Every structure is written in structure tokens, then in C-alpha cells.
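Engineer: Dropping a prediction and its sequence here:
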Amino acid sequence: MSESTPNVPMLIKLIARFIHKDTGQPVDDPGYRVQFYDHDVVKDDFLGESGLRSDGVAEIIFDGETFQTGLLGKIFERLKEQKPDVYCQIVDIEDKSIFRSTIRWDVDVTQFDEVTKRPRSTVDLGTFEFLVGDGLQDPYHYSGILRPML
């Protein structure tokens, strides 16, 4: 593993919870897997994959350099991406995408623990309401747009 950009931890843990939109119960189907991605203009970076626990939680640990693979990051070390734009998708047993979350823009993976003053490498993305088919037609995933224009 090579050295990461100074402010980005070497290993980062992402956590996400999934509940059924209609019942509020945890999504815990053993045939479902959650895939985590960093959204980029040319090609999204795959960060990792997890099953769902009985409480609807999925989590991965990935190398901080995984989302720093854009063209500028390869050419100019100091311009490497510091804050990934993260989304999750749930795939079924046939590897078919059945849900895609909204994109969490500029996820801060360089937070510091207020007590220890060390980088806190765990990021909780929060709870997503799951409904089969939701998010699959989100134009930001297919248009090459980095973020919505405000």
C-alpha cells in the first residue's frame, strides 16, 4: 500500500443503515449486498461491498487512496480528491441493482476526534429508506455531472 495524501487516513470505514421505506423495519435480506462508490465524472470508484446485518447495517473498510484515482490525482499529487462523493447501491442475488441512494457530496473523511486529536476514520453515512427501484433513474449518476447546480 502506498502513502496516502497527508490529510486522508490510510483506512476509512463507511457505515450505512437501510430501513424499508414503508415499514421502517431494517433491510436484512441475506440475498442483498450493498456496494459503496465514490461518484466521479468519468468513472465511479468502487470502494467496497458488504452484506446486510440483521439490524440493516452495512459497513466496509477501504484504502483512502481508492477514491483518489481521478486524472488530476494521478498527475498532480496535491490535487488529489480529499472528500469523496459517496453513494450506495443494493444489488440482489443476481447482481442486479435494485436501489441506489442519493449522493452524499464531499464526505469529510479527515475528521479529527475531539479527545484524542487523531484522525477519525469512521464515517457514518446515516440511514437510507429502501424501496426497490428508488434512485435508479437519478440523472446525476449517468450524466457526468459532479453535483447539482444550485
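Structural biologist: Arrived safely, thanks for sending. Note that the structure is predicted; figures quoted are calculated from it, not measured.
Engineer: tell me the contacts of residue 92?
Structural biologist: 31, 32, 98 (Cβ atoms under 8 Å, 6 or more residues apart in numbering). Where C-beta positions appear, they are placed from N, C-alpha and C, glycine not excepted.
Engineer: Tell me how far it lies from residue 33.
Structural biologist: 8 Å (Cβ to Cβ, to the nearest Å).
Engineer: cool, residue 85 as well?
Structural biologist: Distance, residue 85 to residue 33, using Cβ to Cβ: 21 Å.
Engineer: same check, this time on residue 124
Structural biologist: In terms of Cβ to Cβ, residue 124 sits 19 Å off from residue 33.
Engineer: Flag the shaky bits of this protein, pLDDT-wise.
Structural biologist: Residues of the chain that meet the criterion pLDDT under 70 lie in 1-9, 66, 68-81, 119, 138-150.
Engineer: can you give me the strands in it?
Structural biologist: 11-20, 33-38, 45-51, 57-63, 86-91, 97-100, 122-130 (DSSP state E).
Engineer: more neighbours, residue 124 and residue 33?
Structural biologist: residue 33 (17 against 12; other Cβ atoms under 10 Å).
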